[in-house]
Each structure stands twice: as C-alpha cells, then as structure tokens.
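Participant: Predicted model follows, preceded by the sequence.
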Amino acid sequence: MQIIQRNRLDFTPLSPDELSGEEMVRPETTYFRDVWRNLKKRKTAIASLVILALLVFMVLFGPMMNSYNYYSNDYSAANQGPSGEHWFGTDTLGRDLWTRVWVGGRVSLLIAILATIIPYAIGMLIGGVSGYFGGKIDMLIMRIIDVLMGIPSLIYDILLIMVLGSGSISTLVLAFTITGWLGSARTTRGLVLQLKEREFVMASTTLGASPMRIILRHLLPNTLGIIVVGMTMTIPSVIFAEAFLSFIGLGITPPNPSWGQLIKEASEVFKQYPYRFIIPCIFVGLTMLCFNLLGDGLRDALDPRLRS
Amino acid sequence: MVRYVLKRVLIALLTVFTLATVTFFLSKLLPGDPFMNEKIPTSVQEKQRAYYGLDRPVTEQYLIYMGNLVQGDLGTSIKYVGRSVWDIIREFFPVSAQLGLIALVFAEIVGLLFGILCAQYRNRWPDYVLMVFAILGIALPSMVIGPLIRYLFGVQLRWLPVGGWGKPEQMLMPAFVLGLGTIAGNTRSMRACMLAVITQDYVKTARAKGMSPLRVVMKHELKNSLVPMLANLGPMIAGVLMGSFVVEQIFVIPGLGKHFVNAVSTLDYPLIMGLTIFYGTFLVVMNLLVDILYGWVDPRIRVK
C-alpha cells in the first residue's frame, strides 16, 4: 500500500516531445498486406504470378495481334506449319492457330475462374450457415455433402452436361457449379466452427447483430485467406476437368476453341503435326503449374506455422 | 468399430441410391426420343414404348428401374443391339481393372519411395529434382503426357508398341501415364507426412538409442507416415478410374473406359447411364473399404 501511494505521488506529466514515443513507428499492416509481404519473398510464387499475368494479357490481346479470326476456314492455307504469316500455323480447315490458341485460352480461363468463384461463393454461404447455426441444419447439410462427395464430381458433370446439352461456357460453368460447392462448404464450415467461439463474434452478438450479418460480415471474411488458397488450387483442376470433358467429347463444341478442344483436335493428327498438339499443351501445363505454385506460395504465406 | 462401420455403410448405400435416382431423373430430362422415327408407324412406336415400359407414369417407371437395379439389371445398350450393359461390363471391365491395378500398385510404390527420398534428402538436390518431377506430374494431365510419350517411345524410338492390350510391353506405357498423377500426388503428400514424423520425439529417441538410420526410417518413420497416406487412397482410385477414360482412348485399349467414351460420342444413353451407376457404385465400395481400413488402422478416426 505504502509503495503504491508513494509512486502515485511521483507522477509527472510527460513533456510534449516525449509523447511521440507512444506513436506507431511503422505503418499499420492489415492481414492481406502482411500476406502479400510474405508472398513477395517467395520467388516461385511471384514468378508464377508474373507468368499468369502475361498469359491473361495474351489471352485478352493476342487475337488482336494479327488479322485472322478463330472461325474462318481457308482451305488454301490448311495444315501449314508455323510461319511469319501464321505464327502457330494453321489447322486442317486452315484456321489460324495463333488466334485459336488465345481465344481458346480465353474460354478455358473464363470457365476456370467462373467455375471456381461461383461454387466457392455458394459453398461458403452454405458452409457458413451450417457451421454457425449447428444442430440439425448442420447435421443435415453435412450428411448431404457426405453422400454427394462419395462419387467424383466428374461423373455427375458428365451426366449433367448430357442433359444440359454440351457446348457452351454457361453449361460447363453450371455443371461445375452444381457439383463444385461441396468442398468449399466443408472447408468453410470447419473454419466457422473455430471462429464462432472467438470474442469478436460474441461482441457482435451482444451488440445485437443478426446471424446473417455475423456470418457475412464477420465469419466469412475471416475465412477468406484459406479459401483463396483453396480457390487457387481449384482453378487448375477445373482446367483439367474442361480438357477431360473435351477429350471425351463433352466440352465446348467446334468451331469455338478451348484449350481442351484444341488438344483433342490435335491429338488426332499428332503424328503429322506435333506442333499443333504441343503448343496448347504448353499453355495448359504452364497455367496449371503456375496456379499450383501460386497456391503453394499463398498457403505458406498464410500459415505462420510453416514460416521459417 | 461396429458403429463406425455401420455409419460408413449407411452413407455408402445412400450415396449409391442418390446417384441412381439422379441418373434416372436426369435421363428423363434428356433431349430427344429414341423411338421418334418418321419411317416407323405410330402404332409400332407405341408398342416399342410399351415394351420398354415408357408409357407408364414416371413414378412407376422409377420403381421398376430401381427394382431392376437391385437385381443387377443396368439396362440395355442401344448401339450394341440386344446386349445388356452388364454383358458389356463383364467383357471389358477386366481389362480396365487390370490396367488400373497395375497403374495403382506401380504408382503407390514409386510415389512412396520418392516421398521418402525427398524427406530424407530434404532441401538438397534429390529433393528438388523429385519435387520438380512431382509438380510436372500434377501440371501435365494424361491427355497431354499420353500422346507425347506414345509418340516418343512408340513412333520415334519404336521401343514399345503404340497400342493394344495383353502383352506386358503393351501395358508399360499406359500404366505409367495412368499412374503419373498418382505418383506426383503421393510424392508430395508422403514428403509432407514424413517431414511431420521426422521431428517427433520417438524418432529422436530411436536415433539416440543407436538404431541404424535405415531401421529408423523403416520401423518408425515409414510406419507412422503411412497412416495418413491411407486417406489419399480413395481419391487416388477415383483419379485412376477417370484417367482410364483418356488413357484407354489414347493407347487403343479395349477396356470399359474406351466404351464409355464411345457411348458418349454415339449418344448411347442407356449404356452411359448404366456405366455411370456401375462406376459410381464401384468407387463407393472402394472408398468404403478404404474408410474401414483407415478406421481399423487408426482408432482416432472412429471417434471423430
């Protein structure tokens, strides 16, 4: 008692220039800025990001770099090798492959991105509701997911595409959406189960926030980090699925190209025109590789336990 | 354990039931009518519909269909007139199963071996080389790598036959292509599992006791890393099965996967539906076996 009182008497107010010691020396950092800082240190992840940016640029602007379009047949120019005129050569119908490869990439990447983001959004919402409310809803949703997950989604996709009619981007995205939300719902539920015990959720509940507000504003944003890693890893598997479906004849219908479609067409004449096969393969492989490496890098950047 | 197994079996049954139901109702939504043909008089068309039971209400058709399924009747192919789906499965599935089994065993062994090597030589050159290989294996799907190595070893170098099935040399390339994804996946996860085990205290204890490095790896590290690897087995089997569609097409192998792809291109709907249910059931049974095995090996799983 004595000591405390004496200390209280010893107080002298800080002089104004001493007060600056209380200020933050470094700029505040947000979660995502922190992740970005960690990601920047990973050379493979950054290289992947650069290559992906280049690919996106080429997919958008590549077809404008020459005067050909992807659908016009020109039998006088059929089956040409790469040349100054046709940079990647031409196919059996004389279509310019440079243009077809980039337009095909546009289709493949668009499918990959849409068929990743849409199912993830749906899955996050379902998983969030399931995890937050728990009880019977959770039980029911989880059993449905257990039952549906027993069979690989490609089998359901094949059935769905046959019914929806193969051929367009929207059909493929719809089929992938119907089958693709399961994984993200399960992941999100697991994360929400951990998060909902945290103080900020209790604070929000005490302040009278509605359950949906808590799920949408507090719980889901906090799962985003791990979800983004999952999305990055899902994109290559969608690219694979698209190529797979094209290969068994359920992909995009010609004359519209996609990378899977180009690979399938070219694999039939591989012996005569190997370059036609190899060119789209390089881009598919490169895209899948870069997304995988970027995903690895992001995961390491997010997970403090793995940081060395 | 009994509770765990029962729960798994129940989920598996529900999964097969769901797939069969979804397949049935989707088939009702399919565009086109198999008996629509201007050359055939309407009365004959009616009779054909009646013969296949298509004139009855959908709910009744569904019950008949499920009843047939339970008895193992998967329907009849349109293209191969008079042949039941089950006949086709009996004839061609053994080839696919043989290919799949070879690919899976080969890929599991090589993948585990690579994973162990990576973990033992972590962050040194064998690790880097094998990880590059593993990442390439994941990034290059079978429809890319298949035609490439078929061209290289079959057409250019003429070391191996480009297609067919039966002789060991014909099996080598398809099994490798089919197993490549599995090798890559296994290498990565085995490496991760081993790295998690290597830092455990019991490994240090074993080393401190003066156990030879090989014995430590075999008796302590490998045994404990294998348990989580079991969980990967289900997806691996599924991957090999879906891969067989592509690989059998590329290497002209007379298996069920090739028939499935042909059925898709000739719009042989009953065959596609029947084979889908067959594949689905097959995978569910495989997953069930893996799950039971997993629960038996690792009691902690049963409680979850």
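Facilitator: Done, it's in.

Participant: How about whichever helix in chain A runs longest and chain B, touching?
Facilitator: If you go by DSSP state H, chain A has its longest helix at helix A:97-133. No. Helix A:97-133 does not reach chain B (Cβ under 8 Å from any Cβ of the partner chain); its nearest approach is 12.5 Å. All C-beta spots, glycine's among them, are computed from the backbone N, C-alpha and C.

Participant: Could you measure from the closest residue to A:Trp181 other than its chain neighbours over to B:Gln120?
Facilitator: Among residues not flanking A:Trp181 along the chain, A:Gly123 sits closest, at 3.7 Å (Cβ to Cβ, 6 or more residues apart in numbering or on different chains). Noted for A:Gly123: a distance of 38 Å to B:Gln120, by Cβ to Cβ, to the nearest Å.

Participant: more crowded one of those two?
Facilitator: The neighbour comparison of A:Gly123 against B:Gln120 (other Cβ atoms under 10 Å in any protein chain shown) goes to A:Gly123, with 24 against 16.

Participant: my read: that one touches A:Ile178, true?
Facilitator: No. A:Gly123 lies out of contact with A:Ile178 (Cβ atoms under 8 Å); the separation is 11.6 Å.

Participant: which regions of the stretch 51-200 of chain A sit below the pLDDT cut-off?
Facilitator: Scanning the stretch 51-200 of chain A for pLDDT under 70 picks out no residues.

Participant: Please enumerate the helices of it.
Facilitator: With DSSP state H, counting those that start in this stretch, the ranges of helices along the stretch 51-200 of chain A come out as A:97-133, A:135-149, A:153-164, A:169-195, A:199-206.

Participant: residues in contact with residue 181?
Facilitator: All of this is about chain A. Going by Cβ atoms under 8 Å, 6 or more residues apart in numbering or on different chains, A:Trp181 touches A:119-120, A:122-123, A:126.

Participant: try chain B instead
Facilitator: Applying Cβ under 8 Å, 6+ apart, the residues near B:Gly181 are B:137-138, B:141-142, B:239, B:243.

Participant: what do you get for B:Met171?
Facilitator: B:98-99, B:102, B:165.

Participant: Would you mind measuring from whatever residue of the stretch 101-250 of chain B ends up closest to chain A to A:Leu191?
Facilitator: Using Cβ to the nearest Cβ, B:Ala139 is the residue of the stretch 101-250 of chain B that sits closest to chain A, at 3.8 Å. Between B:Ala139 and A:Leu191 the computed distance is 28 Å (Cβ to Cβ).

Participant: Also B:Leu288?
Facilitator: 28 Å.

Participant: go on, A:Leu148?
Facilitator: Taking Cβ to Cβ, one finds A:Leu148 at 20 Å from A:Leu191.

Participant: which regions of the stretch 1-150 of chain B lie under the pLDDT threshold?
Facilitator: If you take pLDDT under 70 as the line, the stretch 1-150 of chain B has these spans: B:31-38, B:52.

Participant: what residues does it put near chain A?
Facilitator: Proximity of the stretch 1-150 of chain B to chain A is confined to B:11-12, B:14-15, B:18-19, B:22-23, B:26, B:29-31, B:135-136, B:138-141, B:143-144, B:147-148 under the rule Cβ under 8 Å from any Cβ.

Participant: again, 7 Å this time
Facilitator: By Cβ under 7 Å from any Cβ of the partner chain, the residues of the stretch 1-150 of chain B that approach chain A are B:11-12, B:14-15, B:18-19, B:23, B:26, B:29-31, B:135, B:138-141, B:143-144, B:147.

Participant: got the contact list for B:Val197?
Facilitator: Residues near B:Val197 by Cβ atoms under 7 Å, 6 or more residues apart in numbering or on different chains: B:203, B:221, B:224-225.

Participant: pLDDT at it, what is it?
Facilitator: Note on B:Val197: pLDDT of 83.

Participant: Would you mind listing the buried residues in the host helix or strand of it?
Facilitator: Secondary structure assignment for B:Val197, by DSSP states H and E: helix B:168-198. In terms of neighbour count (16 or more other Cβ atoms under 10 Å in any protein chain shown), helix B:168-198 has its buried residues at B:170-194, B:197-198.

Participant: picking up where we left off before, my guess is the residue nearest to A:Trp181 meets A:Leu191, correct?
Facilitator: No. Here A:Gly123 does not reach A:Leu191: they are 11.8 Å apart, not a contact under Cβ atoms under 7 Å.

Participant: Nearest residue to residue 298 in space, please, no chain neighbours.
Facilitator: Looking at chain A here, since you left the chain open. A:Val229 (4.9 Å).

Participant: Chain B, not that one
Facilitator: The nearest residue in space to B:Asp298 (Cβ to Cβ, 6+ apart) is B:Val227, at 5.1 Å.

Participant: wait, the one you found sits on B:Gly295?
Facilitator: No. B:Val227 lies out of contact with B:Gly295 (Cβ under 7 Å); the separation is 11.1 Å.

Participant: Out of those two, name the residue with the larger neighbour count.
Facilitator: Counted by other Cβ under 10 Å, B:Val227 and B:Gly295 do not tie: B:Gly295 has more neighbours, with 20 against 15.

Participant: near chain A at all, the helix or strand containing the more buried one?
Facilitator: Assignment of secondary structure by DSSP H and E places B:Gly295 within helix B:269-297. Yes. Counting by Cβ under 7 Å from any Cβ, chain A has neighbours in helix B:269-297: B:272, B:276, B:279-280, B:283-284, B:287.

Participant: So which residues of chain B form helices?
Facilitator: B:2-29, B:42-51, B:58-70, B:85-120, B:125-139, B:142-149, B:168-198, B:201-208, B:213-215, B:223-250, B:256-265, B:269-297, B:299-303.

Participant: who wins for proximity to A:Ser67 among the ones you listed?
Facilitator: For A:Ser67, the closest of those is helix B:142-149, at 30.2 Å, according to Cβ to Cβ.

Participant: name the helices or strands packed onto that closest one?
Facilitator: Contact here means 3 or more Cβ pairs under 7 Å, 6 or more residues apart in numbering or on different chains; DSSP states H and E; on that basis helix B:142-149 packs against helix A:259-268, helix A:274-302, helix B:168-198, helix B:223-250.

Participant: At the contact with chain B, which residues of the stretch 101-250 of chain A appear?
Facilitator: So far as Cβ under 7 Å from any Cβ goes, the stretch 101-250 of chain A lies against chain B at A:146-148, A:150-152, A:154-155, A:158-159, A:162-163, A:165, A:240, A:243-244, A:247-250.

Participant: picking up where we left off before, how about the helices and strands packed on helix B:142-149 in CSV, adding distance to A:Arg26?
Facilitator: CSV is the format used below for these (distance: least, Cβ to Cβ, whole Å):
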stretch, distance to A:Arg26
helix A:259-268, 45
helix A:274-302, 19
helix B:168-198, 34
helix B:223-250, 40
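
Participant: right, and B:Ile301 touches B:Tyr294 too?
Facilitator: Yes. The criterion here is Cβ under 7 Å, and B:Ile301 meets it with B:Tyr294 at 5.6 Å.

Participant: And for whichever residue of the stretch 151-300 of chain A sits closest to chain B, the neighbour number?
Facilitator: Going by Cβ to the nearest Cβ, chain B is nearest to A:Leu289 of the stretch 151-300 of chain A, at 3.8 Å. If you count neighbours by other Cβ under 10 Å, A:Leu289 ends up with 19.

Participant: now do A:Thr253
Facilitator: Under the neighbour criterion other Cβ under 10 Å, A:Thr253 is assigned a count of 15.

Participant: so it, which of the three states?
Facilitator: What DSSP: H, G, I helix; E, B strand; the rest coil gives for A:Thr253 is coil.

Participant: Ramachandran angles for the spatially closest residue to it that is not a sequence neighbour?
Facilitator: Leaving out its chain neighbours, the residue that sits closest to A:Thr253 by Cβ to Cβ, 6+ apart is A:Gly167, at 3.6 Å. Here is the backbone geometry of A:Gly167 (degrees, to the nearest 10): phi 120, psi -30.

Participant: separation between A:Gly167 and A:Arg106?
Facilitator: From A:Gly167 across to A:Arg106, the span is 16 Å (Cβ to Cβ).

Participant: Could you dump the contacts of A:Trp181 into TSV with distance to A:Pro13 added?
Facilitator: Shown next, in TSV, are these (distance: Cβ to Cβ, whole Å):
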residue	distance to A:Pro13
A:Pro119	60
A:Tyr120	55
A:Ile122	58
A:Gly123	56
A:Ile126	57
